[in-house]
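Chemist: Need a 3D model of the sequence below.
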Amino acid sequence: MRTITIHVPEELYGAYQASAEESNRSAAELIRNAMEEYFQTHLARTGSIFDAPAADAGRILAPLSSEDDLLDEMLP
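Modeler: You can find the predicted model right below:
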C-alpha cells in the first residue's frame with residue numbers, strides 16, 4: 001500500500017474523524033473506502049455493460065415527470 005498526502009478542509013477531516021470514532025474505525029480507513037468507492041463508481045467503468053454491478057440494474061437514471069410521453073418518442 002502506498003502512502004499519500006492530501007490537503008482537505010479541517011471541517012471535512014473533522015467529519016471523517018467523528019464518523020471514525022463512532023464506528024470504531026480509523027479516519028484513514030474511511031477515507032480509503034471513500035476513495036475505492038469513487039474509483040469503482042467513476043473511474044473503473046470500462047468494459048462491457050455485463051460487467052456492471054448487479055446493484056446498478058434497474059437503477060433510475062432520471063425520473064419521469066407527468067410531462068414525459070414515451071409513446072410519442074417511440075412512434076415516427
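Chemist: all contacts plus neighbour counts: C-alpha atoms, from now on.
Modeler: Will do.
Chemist: so what's Arg25 scoring on pLDDT?
Modeler: pLDDT, Arg25: 95.
Chemist: Ramachandran angles for it?
Modeler: Dihedral angles of Arg25 (phi, psi; degrees, to the nearest 10) stand at phi -130, psi 180.
Chemist: how many neighbours does it have?
Modeler: Per other C-alpha atoms under 10 Å, the neighbour tally for Arg25 reads 12.
Chemist: ok, now Ala27?
Modeler: 19.
Chemist: Then Met35?
Modeler: A count of neighbours around Met35, defined by other C-alpha under 10 Å, yields 12.
Chemist: Show me what the host helix or strand of it packs onto, helices and strands only.
Modeler: Using DSSP states H and E, Met35 maps to helix 27-38. On a contact count with 3 or more C-alpha pairs under 8 Å, 6 or more residues apart in numbering; DSSP states H and E, helix 27-38 meets helix 10-22.
Chemist: just to revisit the earlier point, next, the buried residues of the helix holding Met35.
Modeler: Under the neighbour-count criterion of 16 or more other C-alpha atoms under 10 Å, helix 27-38 has Ala27, Leu30 buried.
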